[in-house]
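Chemist: When you get a sec, could you give me coordinates for this:
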Amino acid sequence: MEKVNLADKFSRFSDYWNPKIVGELNGQEVKLVKLKGEFVWHHHENEDEMFFVIKGQLLMRLRDRDIVLNEGEFFIVPKGIEHQPIAQEEVYVMLFEPKTTLNTGNIQSDRTVKALQHI
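Modeler: Residues are numbered from 1 along each chain as shown. Okay, here's the model as predicted:
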């Protein structure tokens, strides 16, 4: 049991769209990820996914609307809902999601990360 300093953890990596595990609780993982550019449209068949913006601004595209998330705001994408995160500039995000959640959901691509690193 140790406290987690987000600034320290974010300083340990520079790659984009590659979530890092920083904590686990009740079958959920707490992940940090840096985003820049557009991600793939995808959905998660069985898991909800929470995006909490720590730094920057994230655009979450849904098929019926767009949601802009600023620092200190979060959005929960319900399971089965197709979404596409877009970061015009670098964004730091904390994710809360079940351990079974694959970052690209139902899509396999060059951005799919199957083995996440603990930092």
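
Chemist: ok, now which ones touch residue 74?
Modeler: Listed by CB atoms under 8 Å, 6 or more residues apart in numbering, the contact set of residue 74 reads 50, 51, 52, 53. Just so you know, the C-beta spots here come from the backbone N, C-alpha and C atoms, and that holds for glycine as well.

Chemist: Where helices are concerned, which of those residues count?
Modeler: Using DSSP state H, no member of these sits in helices.

Chemist: These, buried ones only, as a PyMOL selection?
Modeler: Per 16 or more other CB atoms under 10 Å, the buried members of the contacts of residue 74 correspond to this PyMOL selection:
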select buried, resi 51+52+53
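
Chemist: Pick the one among the contacts of residue 74 closest to residue 60.
Modeler: residue 51 (6.7 Å; CB to CB).

Chemist: ok, what's across the strand from that closest one?
Modeler: Counting by DSSP bridges, residue 51 is bridged to residue 75, residue 95.

Chemist: Mind putting the contacts of residue 74 into TSV with pLDDT and distance to residue 40?
Modeler: Formatted as TSV, these follow (pLDDT from 0 to 100; distance: CB to CB, whole Å):
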residue	pLDDT	distance to residue 40
50	93	19
51	96	15
52	98	21
53	98	20
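
Chemist: quick one: which of the contacts of residue 74 is nearest to residue 19?
Modeler: Closest to residue 19, out of all of the contacts of residue 74 and judged by CB to CB, is residue 51, at 11.1 Å.
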